[in-house]
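**Student:** Next come a sequence and a model predicted from it.
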Amino acid sequence: MSLFDRDFDRELAEERRAVAHVAAARHTDEALLAAVAEAREEALAQGRAEGRAEAEAEARAAEAEALSARLGQLAQRLDEVIAARDTHRAALERQLLGYAAVTAEKLLPEILDARAHARALAQIRRGLRLGLDAARLEITLPDGAAELQAEVARLVEARGLTARCVLRSDPALAPGDARVAWEGGQLDYSFAAICDEILDTLRAIARAHPETEDRT
């Protein structure tokens, strides 16, 4: 290329643009220090944020652990309260069973004497209803139950069953016992046996729970 073929204006413009570009890319010392300071502050801020988040996470974990411990203590205390309640209730039940057994021993004979007649008569009425269609009914009462026999005779007569009923006595029957039999069926009732069964049950339970004086 000859000297006369060069475009000095274009080359000069390109040189100026290059110089301007270099100048624009170059930072002053103040700008560089400012940029460093800004980067440092950003790093510190990020560090503080990360530290705060970590501290908050640790605090939450510690709080959750403390809450779990308190809940465990509460559950243990509830178990203790329930166990104490059950123990107290068991002691009360033992006392009540012992009291019931002693009371039954005193009261059941009196109840038997007072209610045996009425209960036996009620069961005889029931037996007559059950065997109403039978051709023959047999009513058995304890020996010496004259008053009950008289009432049964009146009951049979009032129901028009005299011709079909036979009254018997059995020395093996206790006061309050009664038996009504018919073809294909029978009703046996013993108020004394019921009272004895109740008393035996209470005595057995009381023997199985001997700590009747527990003051828990």
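**Tutor:** Looks like it arrived, so ask away. Numbering: from 1, shown residues only.
**Student:** Could you use CA atoms for every contact and neighbour count after this?
**Tutor:** OK.
**Student:** Val156 and Val166 touch, don't they?
**Tutor:** No: under the criterion of CA atoms under 8 Å, Val156 makes no contact with Val166, lying 9.6 Å away.
**Student:** Settle it for me: which of the two has more neighbours?
**Tutor:** With neighbours defined as other CA atoms under 10 Å, Val156 and Val166 compare such that Val156 has more, 20 against 16.
**Student:** Please, which helix or strand holds the nearest residue to the more buried one once chain neighbours are set aside?
**Tutor:** Among residues not flanking Val156 along the chain, Thr162 sits closest, at 5.6 Å (CA to CA, 6 or more residues apart in numbering). With elements delineated by DSSP states H and E, Thr162 resides in a region that no helix or strand encompasses.
**Student:** again, but for the one 5 residues further on
**Tutor:** Following DSSP H and E, the helix or strand that holds Leu167 is strand 165-170.
**Student:** Tell me how far that strand lies from the chain's centre.
**Tutor:** If you compare the mean C-alpha spot of strand 165-170 with that of the full chain, they lie 54 Å apart, counting by CA atoms, centre = their mean, to the nearest Å.
**Student:** mind listing what's buried in it?
**Tutor:** Buried residues in strand 165-170, defined by neighbour count with 16 or more other CA atoms under 10 Å: 165-166, 169.
**Student:** Who are the packing partners of the helix or strand hosting Arg52?
**Tutor:** Element membership of Arg52 [criterion: DSSP H and E] is helix 29-130. Counting contacts by 3 or more CA pairs under 8 Å, 6 or more residues apart in numbering; DSSP states H and E, the secondary-structure elements packed against helix 29-130 are helix 146-158, strand 177-182, strand 185-190, helix 191-208.
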